[in-house]
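# pasting the structure only:
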């Protein structure tokens, strides 16, 4: 057993060690060395910690002071692990005062996303029904409508109007429309023109006008529509999934961050991932390879119910939550049933990493509950082994292949080395397995890699 107690009272100066007010005392048991300039503890097992503390519920301070003049006048050297500063919520929080500059490691490349701008769905081709006068409905800032040929042979100087229903359109919205494509490139044919009319809350009218005196030829048109172009969507992230649109995300008024909501049908899901279409984004175009010592983290908060719910977050090849889909991956998964793959205990959070199609599933023993915040962290080191934390607590990872997974506990056991040079992509998703909307709040997402 090891114990060290350092008691500090006010204004200990120089070599003074006694007095009515200024006291420095020590009690040392175990393999510890305390000399004039060094305090050393030899750790022999996990949890064999060295603690220097100031006790007593008073307005007192534990001060680490140096009058050194070098660039490392105060140095914290952590060659093998991470460094954590914890400031409990209260009066002070964590304050860093710096008279020159404060910088991250110049040896790493960092990205952070707090979703101050909400992601939009990837522009989707929406088909029209019976004829050119049939209404079209889709809730997105960016929509491409593929019209029906029927009714497009508009007589000379006449027009056909259809309604575009979109809940993002408000009474004073700016709605832009243009014809991008038609199925006949014959320049001698008459092409209809497009005009936006009667903008109101939730809809506008799209008028297809024949500017010529002769009748138009039947054809299909592709009409691109942008709602409020002065309000840009998130340039880094996009939405994908099943039965989703721009209204699948909103600002959380309860927790802060972005509220992600599924549709109300079994298997509906919404996925937040890097923008993988032009214009390019660093989140997708920078390579997050298994050899690049990638760190990924996110803060998530569950919805009012976690029944009939699944969510996943981490590094994958494909966006879906099913762990059998990707041969190589490293991500967290909660699923209340086995729709995304067999799990030991569906009420618990699992961590899954896969190497060339072999799945290693760790049941972290963390029971997922409603309205609860989870801070998730994945770190891949120079040997391509993984370390994971949940709410700043490290959990061991299994190296055994077992159907449904292996129960693990807190600890420092890392993963088996991942396959080399596999470029992974960060994704976060939520899914419903009932006919009820399920939600997940994303507070932030961060990723970094070595710069070399």
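Perfect, thanks for sending it. Values in this document were obtained by computation on a predicted structure and should not be read as measured data.

# if I look at residue 395, how far off is residue 376?
11 Å (CB to CB, to the nearest Å). Glycine gets a C-beta too; all of them are placed from N, C-alpha and C.

# which neighbours do the two share?
388-389 (CB atoms under 8 Å, 6 or more residues apart in numbering).

# so where's the stretch 301-450 of the chain shaky on pLDDT?
Of all residues in the stretch 301-450 of the chain, none has pLDDT under 70.

# helices of that one, start to end?
Shown for the stretch 301-450 of the chain, no helices are assigned by DSSP state H, counting those that start in this stretch.

# tell me the domain boundaries of the protein?
1-64, 120-227, 237-450 (automatic domain parsing).

# out of those domains, which gets nearest to residue 76?
domain 1-64 (9.5 Å; CB to CB).

# so for the closest one, what's the average pLDDT?
For domain 1-64, mean pLDDT is 60.

# can you check which of the domains of the chain gets nearest to residue 107?
The nearest among these, by CB to CB, is domain 237-450 at 6.2 Å.

# over to the closest one now: how far is its first residue from its last?
22 Å (CA to CA, to the nearest Å).

# and for stretch 394-404?
21 Å.

# buried set for it?
394-398 (16 or more other CB atoms under 10 Å).

# pull out the buried positions in stretch 115-130.
115, 118-121, 123, 126, 128.

# got a list of contacts for that stretch?
So stretch 115-130 is contacted by 134-136, 138, 140-148, 150, 162, 222, 224, 232-240, 244-246, 248-251, 257-258, 272, 277, 442, 444 (CB under 8 Å, 6+ apart).

# before we move on, back to that, which one of the buried residues of stretch 394-404 is nearest to residue 169?
Using CB to CB, the buried residues of stretch 394-404 come closest to residue 169 at residue 395, 47.0 Å.

# touching, that closest one and residue 388? I think so.
Yes: if you go by CB atoms under 8 Å, residue 395 and residue 388 touch, sitting 5.7 Å apart.

# joint contacts of the two?
By CB under 8 Å, 6+ apart, the residues touching both residue 395 and residue 388 are residue 351.

# returning to what we had before: mind picking the lowest-pLDDT entry from the buried residues of stretch 115-130?
Minimum pLDDT across the buried residues of stretch 115-130 falls on residue 123, with 82.

# tell me the spacing between that residue and residue 226.
Where residue 226 is concerned, residue 123 sits at a distance of 9 Å (CB to CB).

# can you check residue 412 too?
If you go by CB to CB, the gap between residue 412 and residue 226 works out to 51 Å.

# neighbour count winner among those two?
residue 226 (15 against 12; other CB atoms under 10 Å).

# what ranges does the stretch 201-350 of the chain have for its strands?
203-209, 221-227, 237-242, 249-251, 258-261, 269-274, 288-289, 295-302, 309-316, 329-335, 348-355 (DSSP state E, counting those that start in this stretch).

# so which bits of the top strand by length along the chain are buried?
Counting by DSSP state E, the longest strand found in the chain is strand 439-450. Residues 439-449 are the ones in strand 439-450 that count as buried (16+ other CB under 10 Å).

# just the closest of the residues you listed to residue 416, please.
Checking the buried residues of strand 439-450 one by one against residue 416 (CB to CB), the nearest turns out to be residue 449, at 20.6 Å.

# which intervals of the stretch 151-300 of the chain have sub-threshold pLDDT?
Across the stretch 151-300 of the chain (using pLDDT under 70), the flagged ranges come out as 181-188.

# all helices for it, in order.
282-285.

# report how many residues lie close to residue 356.
Neighbours of residue 356 (other CB under 10 Å): 9.

# between the strands of the stretch 201-350 of the chain, which one is closest to residue 192.
That would be strand 203-209 among the strands of the stretch 201-350 of the chain, by CB to CB, at 4.5 Å.

# counting contacts, what elements does the closest one pack onto?
strand 159-165, strand 193-200, strand 221-227 (3 or more CB pairs under 8 Å, 6 or more residues apart in numbering; DSSP states H and E).

# buried deepest among those, which one?
strand 221-227 (a mean of 20; mean count of other CB atoms under 10 Å).

# for that one, what is the distance to the chain centroid?
30 Å (CA atoms, centre = their mean, to the nearest Å).

# could you give the angle of it to strand 203-209?
140 degrees (axes from the mean of the first three to the mean of the last three CA atoms, to 10 degrees).

# buried set for stretch 420-436?
422, 424-434, 436.

# can you lay out those residues as CSV showing distance to residue 408?
Compiled in CSV, these are given as follows (distance: CB to CB, whole Å):
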residue, distance to residue 408
422, 23
424, 22
425, 26
426, 23
427, 23
428, 23
429, 23
430, 24
431, 24
432, 28
433, 26
434, 30
436, 32
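
# mind picking the two most distant members of these?
Farthest apart among those - using CB to CB - are 422 and 436, which lie 36.6 Å from each other.

# residues contacting residue 367?
So residue 367 contacts 347-348 (CB under 8 Å, 6+ apart).

# how close does it sit to residue 349?
8 Å.

# for residue 308, same thing?
Taken as CB to CB, the span from residue 308 to residue 349 is 17 Å.
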